[in-house]
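[1] Here is my input; please provide its structure:
(chains A and B)
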There are 2 protein chains.
Amino acid sequence: MTTAGLPMQVPAEGLPSRVRIHEVGARDGLQNEQTVVPTEVKAEFVHRLADAGLPLVEATSFVHPKWVPQLADAEELFPRLGDLDPHRLPVLVPNDRGLDRALALGARRIAVFGSATESFAKANLNRTVDEALAMFAPVVRRAKDAGVHVRGYLSMCFGDPWEGPVPLAQTVRVCRALLDLGCDELSLGDTIGVATPGHVQHLLAALNEAGVPTSKLGVHFHDTYGQALANTYAALQHGVTTVDASAGGLGGCPYAKSATGNLATEDLVWMLHGLGIETGVDLDRLIATSVWMADVLGRPSPSRTLRALSHKE
Amino acid sequence: MTTAGLPMQVPAEGLPSRVRIHEVGARDGLQNEQTVVPTEVKAEFVHRLADAGLPLVEATSFVHPKWVPQLADAEELFPRLGDLDPHRLPVLVPNDRGLDRALALGARRIAVFGSATESFAKANLNRTVDEALAMFAPVVRRAKDAGVHVRGYLSMCFGDPWEGPVPLAQTVRVCRALLDLGCDELSLGDTIGVATPGHVQHLLAALNEAGVPTSKLGVHFHDTYGQALANTYAALQHGVTTVDASAGGLGGCPYAKSATGNLATEDLVWMLHGLGIETGVDLDRLIATSVWMADVLGRPSPSRTLRALSHKE
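    Presented below is the predicted three-dimensional model:
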């Protein structure tokens, strides 16, 4: 079996020439795995992802350890990444206290995590959408004052497990609010994976109409219904150049109830390279890293590209 | 957890309003499963797929039983489907002898199975590409004389496990030859799943330039690298309205070496319905059928939509 020369590089019209992959496996991925990974293994994971050419490797989260025990070692982990440029290592920061911790360790890129729906804001943050925005306001302001880049995650942009379909205007309103707080970029999350390509294009168009340029928008698709890559393709056609993905599809076991797996970085890279789009990623090194992490976690990766290429004879 | 009202129906511009799904699970799917399914179970499977609204349910193959033991019961199976319109039940026919058997049982829709590459023609048919075409010529002619609809499958249209990338001109030549034999439609197979959306669009455009109208073209993607649905979306954008898929993703275990799973019909239907495209398929009934077949085969389905919806609480 040969995959030499594959995928064939055949550009499609109107797509960007380069895409920046925002790798979330070490944070969003491990946060949603049952196994708690030792700090030194996390540090090796982040290093290997960076060495594979991923430009941004979200490293950890400065939430209260009680809420996310998988990432309770942020203070121990971040210093172990001191040889990497902190501008490549975004960290999640929920509130003022989290920002203090991140800044003290030299973080230069942070993210806040909002919700497009009241139900998820209540479940995840125990606040209304507007109360959550009010909580983020000083975080974003202080981060910007410190010269730190701020990403705003927005979950449930397309559908919500309690509310069903989310109206475009509702998502647009919260996006605008996050940008008005000072966020440098947004990541539009399809947290339960229910989006389809037309929905993606309509939301992006609605955001443009509301004055949000596509250059400030990243997309974050989940593969719960197998739609993540088709949705990504639709976003690329709209001009999006920042795409979130998780090495090996970490985060949300595909064999569990209510599976909510992230788009696997390997499947994304295969498509982008097939489209002749530069990513800077060495796919073989990325796969070796994800195969190693799957061994650590003791379960197979759901990434189809990983499985196909790691099973090569 | 609610999926009521999901996926949201949000049409994208320039897509067809209706797609005809050519269901291959009972033939291409079961042919590539290790378990040999009893004839009466196959008959129930085809009936349930038809009842779920799939317009075309490829039922079996009249190849020599020695080559495909999984489908050696074609003579016993086809009469059990006598209550269904035979125009909805395509059958694979490799040669004159197979056509005799199919016609004797009242088949009204057949398919021949060619290759775009010499390596696969040799491996699968022990013939050159042109020798295979010569073998199909009388089959197609006799079928057409009998008023039977003929589909031409073409495998390895994008890449080949021995030869790597397949030049567009090579695939176009064999497509033209199959149509010149009298085939009514073609199914462009990405047998090893290596295509990406730009490649799909370029092949379709090259076929149009060679005088092949899109209306005669179906697409048959495999999800080996997770690209099947993105490729399908690209094909829809080009105007393709016939898409092959396999209920539950049958055919090629995703956990095995060189996995070559078909696109799961459930994942396809989710996307099409999300795009507001009519299929006639009742997704709940389809999923119930695939869950039942996964039990028969004793292994989980790789379809993500199936897993998400059958795990609903």
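[2] gap between the two ends of stretch A:98-111?
    Chord length of stretch A:98-111, first to last residue, is 11 Å (C-alpha to C-alpha, to the nearest Å).
[3] pLDDT averaged over that stretch - what is it?
    Averaged over stretch A:98-111, pLDDT sits at 98.
[4] Return the residues of the stretch 51-200 of chain A in contact with chain B.
    Where the stretch 51-200 of chain A comes near chain B, counting by C-beta under 8 Å from any C-beta of the partner chain, the residues are A:158-159, A:161-165, A:193-199. C-beta coordinates here come from the backbone N, C-alpha and C atoms, glycine included.
[5] remind me which residues of the stretch 151-300 of chain A are low pLDDT?
    A:252-260 (pLDDT under 70).
[6] What ranges does it have for its helices?
    A:168-181, A:197-209, A:228-237, A:265-274, A:283-297 (DSSP state H, counting those that start in this stretch).
[7] which one of these lies closest to residue A:64?
    Nearest to residue A:64, of all the helices of the stretch 151-300 of chain A, is helix A:168-181, at 21.8 Å by C-beta to C-beta.
[8] now the closest residue to residue A:103 other than its chain neighbours: how far from residue A:171?
    The shortest distance from residue A:103 to any non-neighbouring residue, by C-beta to C-beta, 6 or more residues apart in numbering or on different chains, is to residue A:146 (6.1 Å). Separation of residue A:146 from residue A:171 (C-beta to C-beta, to the nearest Å): 29 Å.
[9] Which one's more surrounded, the two?
    residue A:171 (21 against 13; other C-beta atoms under 10 Å in any protein chain shown).
[10] What are the buried residues along the helix or strand hosting residue A:44?
    Residue A:44 belongs to helix A:39-51 when assigned by DSSP states H and E. Judged by neighbour count using 16 or more other C-beta atoms under 10 Å in any protein chain shown, the buried positions of helix A:39-51 are A:39, A:42-50.
[11] Closest one of those residues to residue A:227?
    Proximity of the buried residues of helix A:39-51 to residue A:227 (C-beta to C-beta) peaks at residue A:49, which lies at 24.7 Å.
[12] Now for that closest one: which residues touch it?
    By C-beta atoms under 8 Å, 6 or more residues apart in numbering or on different chains, residue A:49 lies in contact with A:23, A:25-26, A:57, A:247, A:286, A:289.
[13] per-residue pLDDT, it?
    98.
[14] and the residue of the stretch 101-250 of chain A nearest chain B?
    Across the stretch 101-250 of chain A, the shortest distance to chain B (C-beta to the nearest C-beta) belongs to residue A:196, at 2.7 Å.
[15] Repeat that for the stretch 201-313 of chain A.
    Going by C-beta to the nearest C-beta, chain B is nearest to residue A:274 of the stretch 201-313 of chain A, at 2.7 Å.
[16] Point to the residue nearest the middle of chain A.
    Among the residues of chain A, residue A:244 comes closest to the average C-alpha position under C-alpha atoms, centre = their mean, at 3.9 Å.
[17] Go ahead and confirm that one touches residue A:222.
    No - Residue A:244 lies out of contact with residue A:222 (C-beta atoms under 8 Å); the separation is 9.8 Å.
[18] Please enumerate the shared neighbours of the two.
    What both residue A:244 and residue A:222 touch, as defined by C-beta under 8 Å, 6+ apart, is the set A:262-263.
[19] isn't residue A:222 right next to residue A:159, touching?
    No - Residue A:222 lies out of contact with residue A:159 (C-beta under 8 Å); the separation is 10.6 Å.
[20] Which one's more surrounded, those two?
    residue A:222 (28 against 24).
[21] Now do the contacts for that one.
    Contacts for residue A:222 (C-beta under 8 Å, 6+ apart) come out as A:189-193, A:228, A:252, A:260-263.
[22] Looking at the helices of the stretch 151-300 of chain A, which is nearest to residue B:106?
    helix A:228-237 (38.8 Å).
[23] Whether the closest one contacts chain B - can you check?
    Yes - applying C-beta under 8 Å from any C-beta, one finds that helix A:228-237 is in contact with chain B at A:229-230, A:232-234.
[24] and the residue of the stretch 201-313 of chain A closest to chain B, how many neighbours?
    Look at residue A:274: counted by other C-beta under 10 Å, it has 27 neighbours.
[25] List the single closest residue to it in space, sequence neighbours excluded.
    residue B:196 (2.7 Å).
[26] residues in contact with the one you found?
    Taking C-beta under 8 Å, 6+ apart, we find residue B:196 in contact with A:7-8, A:10, A:270-271, A:274-275, B:227, B:230-231.
[27] Also residue A:69?
    Residue A:69 makes contact with residue A:36 under the criterion C-beta under 8 Å, 6+ apart.
[28] Could you report the pLDDT at it?
    pLDDT, residue A:69: 89.
[29] about what we covered before: mind listing the shared neighbours of residue A:222 and residue A:159?
    Common contacts of residue A:222 and residue A:159 (C-beta under 8 Å, 6+ apart): A:190, A:192.
[30] helix/strand/coil for residue A:110?
    At residue A:110 the chain is in strand, as set by DSSP: H, G, I helix; E, B strand; the rest coil.
[31] correct me, but it touches residue A:89?
    No - using C-beta under 8 Å as the test, residue A:110 is too far from residue A:89 to be in contact (10.2 Å).
[32] Stretch A:153-169 spans what distance, first to last residue?
    Stretch A:153-169 end-to-end distance (C-alpha to C-alpha) = 17 Å.
[33] buried stuff in that stretch?
    A:153-161, A:163, A:165-166, A:168.
[34] cool, stretch A:180-187 as well?
    Buried residues in stretch A:180-187, counted by 16+ other C-beta under 10 Å: A:181-183, A:185-187.
[35] swap in stretch A:113-127?
    For stretch A:113-127, the neighbour count (16+ other C-beta under 10 Å) marks A:113-118, A:120-122, A:124-125, A:127 as buried.
[36] Name the residues that touch that stretch?
    A:92, A:94, A:128-129, A:131-133, A:135-136, A:152-157, A:160-163, A:166, A:170-171, A:174, A:178, A:191.
[37] ok now that stretch, how far from the chain's centre?
    Offset of stretch A:113-127 from its chain centre (C-alpha atoms, centre = their mean, to the nearest Å): 18 Å.
[38] what's the span of it from first residue to last?
    Counting by C-alpha to C-alpha, you get 12 Å between the two ends of stretch A:113-127.
[39] re the thing from before, ramachandran coordinates for the residue nearest to residue A:103?
    phi -90, psi 10 (degrees, to the nearest 10).
[40] Okay then, goodbye and thanks.
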